[in-house]
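Asks: sequence-free structure coming up:
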């Protein structure tokens with residue numbers, strides 16, 4: 001049976017997200033990095049997009065997309081900026097609490113100097129969230145930035161909502177807890193993600209696939225995500241270099 005245009009477009013989006021993987025990423029999860037190396041990584045993540053993610057979403061909301069889209073964006077902004085759908089604290093604040101559990105103070109994340117590739121990726125996020133075509137900006141922020149290489153499984157084979165015990169099992173198995181001694185009590189950011197992110201993934205794809213319906217719109221979205229991927233890979237390369245990580249030989 002021939003796939004519908006919407007299904008083909010969604011598959012193209014998922015195909016791009018299948019490539020959102022960086023060679024150094026396993027090193028950040030296997031316990032082999034020092035805390036100084038982790039500090040570089042987390043400082044760049046915070047300054048590039050974690051701190052200001054609600055602002056990016058608000059810019060897209062401000063371009064006045066259709067009412068159902070504004071509602072989805074508003075829910076996402078509300079959660080990111082207040083934690084009102086989960087734990088009652090903003091996600092940037094929960095990130096800093098997790099960093100405190102790792103041994104870093106909030107002041108360590110003030111005035112972070114961006115690496116060159118980090119600066120280029122951040123400039124792209126600012127530009128794409130400010131552009132007038134809301135669906136392209138929404139694709140960049142809600143599909144690419146919020147998404148991961150796991151999107152295909154989450155979209156095509158969604159599971160049931162996790163129970164509290166299952167979420168705590170995820171926390172106990174998190175690399176920061178297992179390898180770096182972060183207390184589980186400091187991991188509320190991960191709890192919040194586990195509680196709300198599955199719904200956000202489906203909202204993101206429904207929003208973009210449902211409104212990028214012309215060939216021109218779909219091409220614009222795909223071009224945006226391809227550029228986002230290229231800049232993100234360079235950004236991750238820059239962090240790997242700053243952490244003095246060597247790319248494995250193939």
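Replies: Structure's in. What do you need? Just so it is clear, the structure is predicted and the values come from calculations on it, not from any experiment. Numbering: from 1, shown residues only.
Asks: Who are the packing partners of the lowest-mean-pLDDT helix or strand in the chain?
Replies: The helix or strand of the chain with the poorest confidence is helix 188-211; it has a mean of 88 (mean pLDDT, DSSP states H and E). Where contact means 3 or more Cβ pairs under 8 Å, 6 or more residues apart in numbering; DSSP states H and E, helix 188-211 is packed against helix 5-17, helix 67-82, helix 91-102, helix 134-138, helix 151-156, helix 164-172. Yep, even glycine has a C-beta here, placed from its N, CA and C like the rest.
Asks: Could you say which of those helices is packed most deeply?
Replies: Mean neighbour count (mean count of other Cβ atoms under 10 Å) peaks for helix 134-138 among the helices and strands packed on helix 188-211, with a mean of 24.
Asks: To residue 181, which of the helices and strands packed on helix 188-211 lies closest?
Replies: Closest to residue 181 of those, according to Cβ to Cβ: helix 91-102, at 8.2 Å.
Asks: ok now whichever helix or strand comes after the closest one, how far from the chain's centre?
Replies: Using DSSP states H and E, the helix or strand that follows helix 91-102 in sequence is helix 116-130. Put simply, helix 116-130 sits 14 Å off its chain's centre (Cα atoms, centre = their mean, to the nearest Å).
Asks: do the same with stretch 243-250
Replies: 24 Å.
Asks: And it, what's buried?
Replies: 243, 245 (16 or more other Cβ atoms under 10 Å).
Asks: and if you look at stretch 118-130?
Replies: Using 16+ other Cβ under 10 Å as the test for burial, stretch 118-130 gives 118-119, 121-122, 124-125, 128-129.
Asks: Repeat that for stretch 181-194.
Replies: Neighbour-count burial for stretch 181-194, counted by 16+ other Cβ under 10 Å, picks out 182, 186-194.
Asks: Can you redo those residues as a markdown table, where the extra columns are distance to residue 86?
Replies: Formatted as a markdown table, the buried residues of stretch 181-194 follow (distance: Cβ to Cβ, whole Å):
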| residue | distance to residue 86 |
| --- | --- |
| 182 | 19 |
| 186 | 16 |
| 187 | 13 |
| 188 | 8 |
| 189 | 10 |
| 190 | 11 |
| 191 | 7 |
| 192 | 4 |
| 193 | 9 |
| 194 | 9 |
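Asks: The longest helix seen in the chain to helix 116-130, inter-axis angle?
Replies: Longest helix in the chain by number of residues (criterion: DSSP state H): helix 215-242. Angular relation of helix 215-242 and helix 116-130 on a 0 to 180 degree scale: 150 degrees, by axes from the mean of the first three to the mean of the last three Cα atoms, to 10 degrees.
Asks: No further questions, thank you.
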